[in-house]
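Asks: could you look at this predicted model? Sequence included:
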Amino acid sequence: MQSLTPQDPSKSPLDLVPGDRLDYVFSNGKVVCTVRENSPRRIAWTASLGYINGEHYWTFEPDSSSPGNTILHHGEEFGGPLAFLMGDNFIARMSGAKSWVEKSNNDFNKDFRKWIEEGEEGVRKAATTSL
């Protein structure tokens with residue numbers, strides 16, 4: 001994920017409500033998303049790439065084993081006629097679509113953790129060293 005920004009420049013991410021639109025820029029292009037939920041515990045949006053629809057989400061929960069820490073759950077659920085390309089089957093593995101999404105999500109998770117722990121400078125430093 002390169003960026004996820006509100007289409008309405010007057011809105012901050014905290015002001016987004018269901019139905020608001022986002023521009024999601026990633027390595028293979030750009031897609032317009034629709035906010036489904038924006039709460040302190042869950043952020044979710046939907047998008048469609050041709051015949052694959054997805055709901056992408058982040059949920060946050062307190063870490064009961066480590067007070068003061070938060071557990072991030074990051075996922076995406078797919079539907080539509082070509083959703084099988086995102087599954088765990090031979091065609092999906094051959095297309096590489098699922099592994100590309102998993103790699104993108106894992107890269108985001110690493111950057112997000114760096115940002116939480118070290119601020120924006122930590123993310124820039126991590127991106128520079130991984131190139």
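Replies: Great, that's in hand.

Asks: for the helix or strand where Ile91 lies, give the mean pLDDT please.
Replies: Using DSSP states H and E, Ile91 sits within helix 90-95. Mean pLDDT, helix 90-95: 84.

Asks: that one packs against which elements?
Replies: Helix 90-95 sits against no helix or strand, with contacts defined as 3 or more Cβ pairs under 8 Å, 6 or more residues apart in numbering; DSSP states H and E. Quick note: C-beta positions are derived from backbone N, CA and C, even for glycine.

Asks: buried stuff in the helix or strand just after it?
Replies: Proceeding N to C from helix 90-95, the next assigned helix or strand is helix 97-118, under DSSP H and E. Within helix 97-118, the residues that count as buried by 16 or more other Cβ atoms under 10 Å are Ala97, Lys98, Val101, Ser104, Asn105, Phe108, Asp111, Lys114.

Asks: how about stretch 47-54?
Replies: Ala47, Ile52, Asn53, Gly54.

Asks: cool, and stretch 33-46?
Replies: If you call a residue buried by 16+ other Cβ under 10 Å, then stretch 33-46 has these buried ones: Cys33, Val35, Arg36, Asn38, Ile43, Ala44, Trp45.

Asks: most widely separated two among those?
Replies: Spanning the widest gap among these are Cys33 and Asn38, at 11.9 Å by Cβ to Cβ.

Asks: many thanks, have a good one.
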